[in-house]
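Q: predicted model and sequence follow; I will ask about them next.
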Amino acid sequence: MLRNITLSADDQLIARARAKAEAGESSLNLEFRKWLTGFAGDTDTAAVARFRGVLAQLAHVDAGRTFTRDEMNERGCSF
């Protein structure tokens, strides 16, 4: 069950936070719940939420082909 809580903050801070959440196709309420989950120490849930957010941001990426197992395991960096 979700419960309502009351918070206080500067009007300008709230406006900037709302704008940032909307730019990320989210809401201030959802972003606060994510933060509260992490703050409360439920890191597994918070980590999963962050991971899903990253996957959503990368959903448009398409390599154009399927890679072979050898290609996926190849180490291309030489330092």
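A: Done, it's in.

Q: least confident secondary structure element in the protein?
A: Least confident helix or strand, the chain: helix 43-57 with a mean of 82, by mean pLDDT, DSSP states H and E.

Q: could I get the average pLDDT for the very next helix or strand once past that helix?
A: Toward the C-terminus, helix 43-57 is succeeded by helix 69-73 as the next helix or strand (DSSP states H and E). Across helix 69-73, pLDDT averages out at 87.

Q: how distant is helix 69-73 from the center of its chain?
A: Chain-centre distance of helix 69-73: 28 Å, with CA atoms, centre = their mean, to the nearest Å.

Q: cool, stretch 61-71 as well?
A: Relative to where its chain is centred, stretch 61-71 has its mean C-alpha point 25 Å off (CA atoms, centre = their mean).

Q: okay, how far is it across that stretch, tip to tip?
A: Stretch 61-71 has an end-to-end distance of 18 Å (criterion: CA to CA, to the nearest Å).

Q: can you give me the neighbour number for Glu25?
A: Neighbours of Glu25 under the rule other CB atoms under 10 Å: 8. For every residue, glycine as well, the C-beta is placed using N, CA and C.

Q: count of residues packed around the nearest residue to Leu30 once chain neighbours are set aside?
A: Leaving aside its sequence neighbours, Leu30 sits nearest to Ala21 (CB to CB, 6 or more residues apart in numbering; 7.2 Å). Counted with other CB under 10 Å, residues neighbouring Ala21 total 16.

Q: and the pLDDT at Ala21?
A: 93.

Q: what kind of secondary structure is it in?
A: Counting by DSSP: H, G, I helix; E, B strand; the rest coil, the backbone at Ala21 sits in helix.

Q: right, I'll call it a day here.
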